[in-house]
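with the input below, show me the fold.
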Amino acid sequence: MKGADIVVEEVNVEVRSSLLHVLRNRGFSRLWAAQAISLTAQSMVNFAVIVLTERVTQRSLFTSLAVLSFVIPPVLVGAFAGVVVDRSNKPAMLWITNLLRMLLLVCFFLFDRDWSPSILLIGIFLLTALFAAVSQFFGPAEAATIPLLVPRNQLLAANALFATTYNASLVGGMAILGPILVAFLGLRRLWLFVAALYGLCVILVARLPSGDRSHEKPLLAVLRDSTDGLGATLHREFWVPVREGWSFMAGNAPVRTATINLSVASTILLVVATLGPGFVSRILGRNPEDVSFLLLPASLGMLLGVVLVGRVVRRVGTARLISLSMVGGALSLAGLALSPFWGSVLAQLLWGINAPADLLGNTILGGAIVMAVGLGLVNSFITVPAYTQLQEETEDHMRGRVFASLFMITGSLSMLPVLFAGALADWLGLVAVMVVVAVIMGLAGLATLSRRSPAPQPRGQTDAPPGN
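Residues are numbered from 1 along each chain as shown. Sure thing, here's the model as predicted:
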């Protein structure tokens, strides 16, 4: 292990020394800035759509539809987006997708008027679906552009910087800037503000170098030059590569298990995002946009989990950690749902049976925040080991298709639970549905824990992941 530790330390030193060189690269700096701005803007749009739906309907079923409007399109186009990007001019794909998203945000502004709720929601949901579909082409194009801008010996530092920015942008857009800007600008002005951000992204990526374009085969050119007919060409050029990735995932047990774990974690988060605004407004008695009181602690918990997960995996083992984290997530979700009940009891114990209303409300909110942190923490303990397992078990030539298919499968499996969670919440109540979801998650964790528990090991032997 000492040799491995030395290698890791050398890599860390190399990454730190390369960061300044990477940031001095003007082309990379523009791409990095475009990534940070566009991801933050995309998170703000998702937040604003959920808040608008809750304001208009006050029903969790429609909030579920809002979430599905930006979940379904990636499911439909995600597996094929990488194939299209591979055949295209990557920098051109970047500015085209940002330009289209800017125009769609202007359409959001035009739709967000004092129209009837049904017309308003139909328009917003359709625009959100188009926005989500276009966004699926930005990520692969961005990843493929990095090697065009950065020398090979600086790729590790560049990708580390992009990964850090990805998490920070999601937290900043959904839990910080989104709620703040909705409060200060209002939803209609927010659409124009985000449109301006995408316009800035267009400028940032407009003149990035294209690199070697000899391998590019645009879709229209492929269809024009093919002599096999439209159906046969589409089958050969798009469906066959995607199907190969699916077959690999189905036949590889570790990859299959990791995919299931990631799907469960994603579904739980989407359920919480769907029910969150209603829980905050109808159970905690605050404004729907105050859902940031839960999203921000959950996001901070996720970041804390990313920092700690390496140490925990070495002590517990990958499979056991995932199972225990599912049980912990169930307890956190149930604690969040029941926070008004146990929070009231805690407030009475601390300040007496006649505790002031403000102290009572703050105690309940504080308990919900603690549970949200725990939920974010265990989510990282599920997703990070599962993603690592996927990377270790997947060969280089298959990795892109596997991760594209993973996103599609995860979205597909999470759609129905999210939709029914909203409908059941309107029927049974938010708290009851959240508790039921927590019970299901806990039972799944206990089942996998009992099945995967290893036999007792001799002293000094650790349950470490393979390869460590």
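
now the longest helix along the chain: mean pLDDT?
Assignment by DSSP state H gives helix 357-393 as the longest helix of the chain. For helix 357-393, mean pLDDT rounds to 82.

helices or strands next to it in the packing?
Packed against helix 357-393 by the contact rule (3 or more CB pairs under 8 Å, 6 or more residues apart in numbering; DSSP states H and E) you find helix 253-278, helix 292-316, helix 318-337, helix 339-351, helix 396-428. To be clear about C-beta, it is placed using only N, CA and C from the backbone, and glycine gets the same treatment.

state the number of residues packed around Val56.
Counted with other CB atoms under 10 Å, the burial measure for Val56 works out to 16 neighbours.

equivalent analysis for Asp86, please.
By other CB under 10 Å, the residues close to Asp86 number 16.

ok, the nearest residue to it once chain neighbours are set aside - contacts?
Leaving aside its sequence neighbours, Asp86 sits nearest to Ala144 (CB to CB, 6 or more residues apart in numbering; 7.3 Å). Residues near Ala144 by CB atoms under 8 Å, 6 or more residues apart in numbering: Val85, Asp86, Lys90.

from Val75, how far off is the second one?
Spelled out, that is Asp86. Applying CB to CB, to the nearest Å, the value for Asp86 to Val75 is 20 Å.

test my guess that Leu76 contacts Ala133.
Yes. Counting by CB atoms under 8 Å, Leu76 does reach Ala133; the two are 7.3 Å apart.

neighbour count winner among these two?
Ala133 (19 against 15).

just the pLDDT for that one.
You'll see Ala133 listed with a pLDDT of 90.

what residue of this structure is the furthest out?
Asn354 (42.8 Å; CA atoms, centre = their mean).

in stretch 98-105, what's buried?
For stretch 98-105, burial by neighbour count (16 or more other CB atoms under 10 Å) applies to Asn98, Leu99, Leu100, Arg101, Met102, Leu104, Leu105.

who's in contact with the closest residue to Gly173 other than its chain neighbours?
The spatial neighbour of Gly173 that comes closest, neighbours along the chain excluded (CB to CB, 6+ apart), is Ser43 at 2.7 Å. Neighbour list for Ser43: Ser169, Leu170, Gly172, Gly173, Met174, Gly178 [criterion: CB under 8 Å, 6+ apart].

of the residues you listed, closest to Ile382?
In terms of CB to CB, no member of these lies closer to Ile382 than Leu170, at 16.6 Å.

Ser118: which element?
Using DSSP states H and E, Ser118 maps to helix 117-135.

hmm, who's touching that helix?
Residues outside helix 117-135 that contact it (CB under 8 Å, 6+ apart): 42, 45, 49, 52-53, 56-57, 62, 65-66, 69-74, 76-77, 97, 100-101, 104-105, 107-108, 111-113, 115.

please pick the buried ones from those.
Buried among these (16+ other CB under 10 Å): 42, 45, 49, 52-53, 56-57, 62, 65-66, 69-74, 77, 97, 100-101, 104-105, 107-108, 111-112.

what pLDDT does the closest residue to Asp290 other than its chain neighbours get?
Leaving out its chain neighbours, the residue that sits closest to Asp290 by CB to CB, 6+ apart is Val280, at 5.3 Å. We have a pLDDT of 82 for Val280.

quick revisit: what comes up buried for the longest helix of the chain?
360-361, 363-365, 367-386, 388-390, 393.

and the angle for that helix with helix 253-278?
Here helix 357-393 points in a direction 160 degrees away from that of helix 253-278 (axes from the mean of the first three to the mean of the last three CA atoms, to 10 degrees).

chain center to helix 357-393, what's the gap?
Here the centre of helix 357-393 is set off from its chain's centre by 14 Å, with CA atoms, centre = their mean, to the nearest Å.

how many neighbours does Gly352 have?
10.

averaged pLDDT, the helix or strand encompassing the residue nearest to Gly173. What do you get?
Remark: Ser43 resides in helix 26-57, with elements defined by DSSP H and E. Helix 26-57 comes out with an average pLDDT of 89.

ok, back up a step: check the residue nearest to Asp86 and give its pLDDT.
74.

ok, it to Ala425 distance?
Taken as CB to CB, the span from Ala144 to Ala425 is 41 Å.

again, but for Phe108
From Phe108 over to Ala425 (counting by CB to CB), the distance is 26 Å.

next: Ala368.
17 Å.

for Thr274, same thing?
Taken as CB to CB, the span from Thr274 to Ala425 is 8 Å.

overlap in contacts of these two?
Ser60.

need the contacts of Ser43 in TSV (columns: pLDDT and secondary structure).
Supplementary listing: these in TSV, determined by pLDDT from 0 to 100; DSSP: H, G, I helix; E, B strand; the rest coil:
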residue	pLDDT	secondary structure
Ser169	75	helix
Leu170	68	helix
Gly172	72	helix
Gly173	77	helix
Met174	70	helix
Gly178	84	helix
